[in-house]
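Asks: I would like the atomic coordinates for the input below:
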Amino acid sequence: MEYTRLGRTGLYVSRLCLGTMNFGCSTPEKEAFKIMDAALEAGINFFDTANNYGFLTGDQGITEEIMGRWFAQGNGRRERTVLATKVHEAMKDPYDGVNDTPGLSIYKIRRHVEASLRRLKTDHIEVYYMHHIDRNVTWDETWDVFQNLFEKGVIDYVGASNFPAWELARAQGEAKKRNFLGIAIEQDRYSLVSRMPELEVLPACEALGIGFVAWAPLGGGVLAGPAKDGVRRVGLGGDIQEKVDAFQKVCQEAGLREADAALAWTLENKTLTAPIIGVRTLSQLEDSLRVMEVKLSKDVVAEFDKIFPGPGIAPEAYAW
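Replies: Sure, this is the predicted structure:
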């Protein structure tokens, strides 16, 4: 396993991040335990979850609960894990009342971090993400609550997810006024089929010293290999079929598995901290680990860029 620093911080994390959204939904608890044990053994120390995971089956919080029971087994599981969870989404908690809506108010963050700690059976969180922007909350309010959590030792670092570049810049400006570190990591959808972060978000992260984590690095399964019953194509239109076919052909000629090639492509980006591998089974984790041995040639990368061209960077992408 390879390691890198989390943005401009001194914290080292693995270059693969274990995604847990399937735990408690399509992945039973026993299998989830095996996956997390195997991930730690393979050197993956960066685990990503969210307080609302379980929403696919209407059981928000179940993923954190499973992870909490895994941590409770001891043997250094919690100490060896850089834990990242999130806040923003509604949790279907009747006690939230009218505040059971997506958002980042002080009230909501305070209540939801306390609930996450209980479910995770821990007293602190290494990376606490804002799962999405809240356009109704000022940065004065946001930094008040996160700075308070940091000073109490409840969180180590603040993360952002699905934020535009201008909001990252504004957040850092406001944090600097408080002599606060601000955002340490940004998480966005990023893959060969979803390269929009290259336009402004990735350059902003590089300039501001913010790490970058890619979710859906296989394009929601589009780049994972041969489709099963056409499921992989759902929601994708235009010429995506032709592009995927061309991608598969390049991979075959280079002797690469499609999923390995797609993950390896994300790792080529030096601004990237880690792609999230959201596995459902132990065998999928074992397959994903092979990417650390894959090195793409310049010719293969060039072919991928021809098939899935990026947006360029601003402002040259749309001006001069």
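
Asks: what bridges to residue 155?
Replies: For residue 155, the beta-bridge partners under DSSP bridges are residue 125.

Asks: measure it to residue 113 for me?
Replies: The gap separating residue 155 from residue 113 is 8 Å, by CB to CB, to the nearest Å. Yep, even glycine has a C-beta here, placed from its N, CA and C like the rest.

Asks: need the overlap of contacts for the two.
Replies: 125, 128, 149 (CB atoms under 8 Å, 6 or more residues apart in numbering).

Asks: so which of these is surrounded by the most neighbours?
Replies: Most neighbours among the shared contacts of residue 155 and residue 113, by other CB atoms under 10 Å: residue 128, with 25 neighbours.

Asks: so can I have TSV of the shared contacts of residue 155 and residue 113 showing distance to residue 98 and pLDDT?
Replies: TSV is the format used below for the shared contacts of residue 155 and residue 113 (distance: CB to CB, whole Å; pLDDT from 0 to 100):
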residue	distance to residue 98	pLDDT
125	26	98
128	24	98
149	24	98
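
Asks: from those, which is closest to residue 95?
Replies: residue 149 (20.3 Å; CB to CB).

Asks: pretty sure that closest one contacts residue 128?
Replies: Yes: counting by CB atoms under 8 Å, residue 149 touches residue 128, with 7.1 Å between them.

Asks: which residues are in contact with each of those two?
Replies: With CB under 8 Å, 6+ apart as the test, residue 149 and residue 128 both reach 113, 155.

Asks: ok, residue 197 touching residue 191?
Replies: No: counting by CB under 8 Å, residue 197 sits too far from residue 191 to count as a contact (9.9 Å).

Asks: more neighbours: those two, which one.
Replies: A count of neighbours by other CB under 10 Å puts residue 197 above the other of residue 197 and residue 191, at 25 against 22.

Asks: for that one, which residues are in contact?
Replies: 188-190, 212 are the contacts of residue 197 under CB under 8 Å, 6+ apart.

Asks: at 10 Å what do you get?
Replies: By CB atoms under 10 Å, 6 or more residues apart in numbering, the contact set of residue 197 is 164-165, 186, 188-191, 203-205, 212, 214, 269, 271-272, 310-311.

Asks: now it: phi and psi?
Replies: When quoted as degrees, to the nearest 10, the phi and psi of residue 197 stand at phi -60, psi -20.

Asks: next one: residue 276
Replies: Main-chain torsions, residue 276, degrees, to the nearest 10: phi -90, psi 120.

Asks: just the terminal-to-terminal distance for stretch 34-53.
Replies: One end of stretch 34-53 to the other measures 19 Å (CA to CA, to the nearest Å).

Asks: if we can go back for a sec, among the contacts of residue 197, name the ones in helices.
Replies: If you go by DSSP state H, those have 165, 203-205 in helices.

Asks: the residues you listed into JSON lines, with extra columns for distance to residue 159?
Replies: JSON lines is the format used below for the ones in helices among the contacts of residue 197 (distance: CB to CB, whole Å):
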{"residue": "165", "distance to residue 159": "16"}
{"residue": "203", "distance to residue 159": "19"}
{"residue": "204", "distance to residue 159": "15"}
{"residue": "205", "distance to residue 159": "12"}
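
Asks: and of the residues you listed, the nearest to residue 28?
Replies: residue 205 (36.0 Å).

Asks: ok, now how distant is the closest residue to the closest one other than its chain neighbours from residue 83?
Replies: Spatial nearest neighbour of residue 205, excluding adjacent residues (CB to CB, 6 or more residues apart in numbering): residue 212 at 4.8 Å. According to CB to CB, residue 212 stands 19 Å off from residue 83.

Asks: ok, now residue 21?
Replies: Distance from residue 21 to residue 83, counting by CB to CB: 15 Å.

Asks: ok, now residue 152?
Replies: Relative to residue 83, residue 152 is positioned 17 Å away (CB to CB).

Asks: quick one, which of those two is more surrounded?
Replies: More neighbours surround residue 83 than the other of residue 152 and residue 83, with 22 against 9 (other CB under 10 Å).

Asks: any idea how far the more buried one is from residue 18?
Replies: Distance from residue 83 to residue 18, by CB to CB: 11 Å.

Asks: check residue 215 too.
Replies: Residue 215 is 12 Å from residue 18, by CB to CB.

Asks: and those two? Which one has more around it.
Replies: Shown here are residue 215 and residue 18; by other CB under 10 Å, residue 18 has more neighbours (27 against 20).
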